[in-house]
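Visitor: only the shape, not the letters, is given here:
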């Protein structure tokens, strides 16, 4: 997704003190780089969270949020949701989820499956020979 996909996005972001990174993410990471939610105060975007959990915010929002520590173990969309809710509470705003938001289960790549020919759990190899 780029600013070309959403007419007026770049102007709206700049108006709210945010910027768009001109370096396009790789195709495999597009979904993780897409917006998860905006935190708004009086209709103005003060922070944007991405599906990967990262955040971009105005200086004013950063002052209100301070050194908020993330809870251990959260990542991806779960972290983005926790941060959005926390930021909104601290700045007196609201959360508006993006149409590009994904769930935590959608952010986990499928695990490779191994056939019976692979080493089984609990098997050992003798290196003493």
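Guide: It's in. Just so it is clear, the structure is predicted and the values come from calculations on it, not from any experiment.
Visitor: and residue 101, how far is that from residue 49?
Guide: 9 Å (CB to CB, to the nearest Å). For glycine as for every other residue, the C-beta is placed from the backbone atoms N, C-alpha and C.
Visitor: overlap of the contact sets of the two?
Guide: 35-37, 80 (CB atoms under 8 Å, 6 or more residues apart in numbering).
Visitor: so which bits of stretch 59-73 are buried?
Guide: Judged by neighbour count (16 or more other CB atoms under 10 Å), stretch 59-73 contains these buried residues: 61, 64-65.
Visitor: output the below-cut-off pLDDT ranges for this structure.
Guide: Within the chain, the segments meeting pLDDT under 70 span 1-7, 9-10, 12-29, 109-129.
Visitor: which residues of this protein fall in helices?
Guide: Counting by DSSP state H, the chain has helices at residues 9-15, 30-33, 59-65, 76-91, 104-107.
Visitor: among those, which is nearest residue 41?
Guide: Residue 41 lies closest to helix 76-91 among these, at 5.5 Å (CB to CB).
Visitor: could you name the helices and strands sitting against the closest one?
Guide: Contact partners of helix 76-91 among helices and strands, from 3 or more CB pairs under 8 Å, 6 or more residues apart in numbering; DSSP states H and E: strand 35-41, strand 44-50, strand 55-57, helix 59-65, strand 94-97, helix 104-107.
Visitor: re the thing from before, from the buried residues of stretch 59-73, pick the one nearest residue 8.
Guide: For the buried residues of stretch 59-73, the nearest to residue 8 is residue 61 (21.4 Å; CB to CB).
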